[in-house]
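A.B. asks: structural data only, the sequence is not supplied:
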Ligand SMILES: N=C(N)NCCCC(=O)O
Ligand SMILES: [Zn+2]
Ligand SMILES: [Zn+2]
């Protein structure tokens, strides 16, 4: 069947929802073309169906396709930024990374390799998870591409700088401690936003501070508001290469019930979107939206919130030039299959 896509500014855009009902056909993110349907992408969106690193409720392996389904209603013009992201840049859906559900180390390696492959030509990568374990290989790939440590802006109810769970080093509660240990994060420019909820002990916060993180808690966002939050974050990030990781549980469970480790007292989707829009112009080299677990979702609330978060992140990326990669890995070094 003919796809009847919008073409704008030479870019192959979404299927035209005025001619093919938006609820028809297979879902790609925002009904965009698949990566194999375009010559090359400036912004690629990839799914990582992996949830073998969770400590509580499972199901985030189904998150990427849930977000794709919920993204059918997105439209091509973003009024909040006065921008048409799919005309500004060629954006495409790269499908899912074929991750091993039984071997976390193998999955991490596959994710890293696929992220490197997808960014080889300077494309900026937005990943839809998956549990938060996947941020580690994505950060490794981002740091390899930029040729040094990256700034991190981490939206989450949780710190995710814990050490181990049941002796396991690579879990969804530990990616950012591992990343600091590996030297791939710029420890002058690390921020958590939306943190809240009970911890194991005060030591969690002491460790986190020692690693270099600054914290804007969920309550801080409430008391100081979006503008001051954005100003503080921008100040800390400066012009460094920036990776943004969004755990959807940063939102209050009322806004995003479909997640694995929910905590009361979260920020609203409006606050999150406004903070993201406040990052306009920063050197966003990569981003993810993780921890969407559809079995716990209701009325697609979480899927819709995550799809809008992804849309605004793609909008920010669409305005940036292709990334100037500092390092490149030859094809011979690749050991894994390309994204499916
Ligand atoms: N990354 C997420 N969503 N959660 C981490 C929670 C770790 C814990 O169960 O203590
Ligand atoms: Zn979390
Ligand atoms: Zn997390």
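C.D. replies: On my side now, so go ahead. In this text the structure is predicted, and so the values were computed from the model without any measurement. Ligands and ions are numbered 1, 2, ... in the order given.
A.B. asks: for the rest of this, base every contact and every neighbour count on C-alpha atoms.
C.D. replies: Will do.
A.B. asks: tell me the residues of this protein that contact ligand 3?
C.D. replies: Counting by C-alpha under 5 Å from the ion, the residues of the chain lying close to ligand 3 are 132, 247.
A.B. asks: the chain: helices as residue ranges?
C.D. replies: 63-70, 85-88, 104-118, 135-146, 175-181, 202-211, 218-237, 269-277, 301-318 (DSSP state H).
A.B. asks: buried set for the third one?
C.D. replies: For helix 104-118, a neighbour-count test (16 or more other C-alpha atoms under 10 Å) marks 104, 107-118 as buried.
A.B. asks: quote the end-to-end distance of stretch 147-157.
C.D. replies: From its first residue to its last, stretch 147-157 covers 30 Å (C-alpha to C-alpha, to the nearest Å).
A.B. asks: can you tell me if it touches ligand 1.
C.D. replies: No - shown here: stretch 147-157 not in contact with ligand 1 (C-alpha under 6 Å from any ligand atom), separated by at least 7.2 Å.
A.B. asks: what sits up against that stretch?
C.D. replies: Stretch 147-157 is contacted by residues 139, 142-143, 183-197, 218, 237, 240-251, 263, 266, 325-327 when judged by C-alpha atoms under 8 Å, 6 or more residues apart in numbering.
A.B. asks: ok, back up a step: redo the helices of the chain as CSV? Include distance to residue 41.
C.D. replies: CSV is the format used below for those (distance: least, C-alpha to C-alpha, whole Å):
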stretch, distance to residue 41
helix 63-70, 18
helix 85-88, 11
helix 104-118, 9
helix 135-146, 16
helix 175-181, 28
helix 202-211, 35
helix 218-237, 26
helix 269-277, 22
helix 301-318, 10
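A.B. asks: out of those, nearest to residue 166?
C.D. replies: helix 104-118 (14.2 Å; C-alpha to C-alpha).
A.B. asks: so for the closest one, what's the average pLDDT?
C.D. replies: In this model, helix 104-118 has a mean pLDDT of 98.
A.B. asks: again, but for stretch 305-318
C.D. replies: On average, stretch 305-318 scores 99.
A.B. asks: for it, which outside residues touch it?
C.D. replies: With C-alpha under 8 Å, 6+ apart, stretch 305-318 has contacts from 42-43, 67-68, 70-71, 74, 78, 83-86, 88-91, 124, 126, 248, 255-256, 269, 272-273, 276-277, 279-281, 284-285, 287-289, 292.
A.B. asks: return the distance of that stretch from the chain's centre.
C.D. replies: 9 Å (C-alpha atoms, centre = their mean, to the nearest Å).
A.B. asks: measure stretch 163-178 end to end?
C.D. replies: Stretch 163-178: ends 8 Å apart by C-alpha to C-alpha.
A.B. asks: buried sites along that stretch?
C.D. replies: Buried, per 16+ other C-alpha under 10 Å, within stretch 163-178: 163, 164, 169, 170, 171, 172, 173, 174, 175, 176, 177, 178.
A.B. asks: could you dump those residues into TSV with distance to ligand 2 and pLDDT added?
C.D. replies: Shown next, in TSV, are those (distance: C-alpha to the ion, whole Å; pLDDT from 0 to 100):
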residue	distance to ligand 2	pLDDT
163	15	98
164	16	98
169	17	98
170	15	98
171	12	98
172	8	98
173	8	98
174	11	98
175	11	99
176	12	99
177	14	98
178	16	98
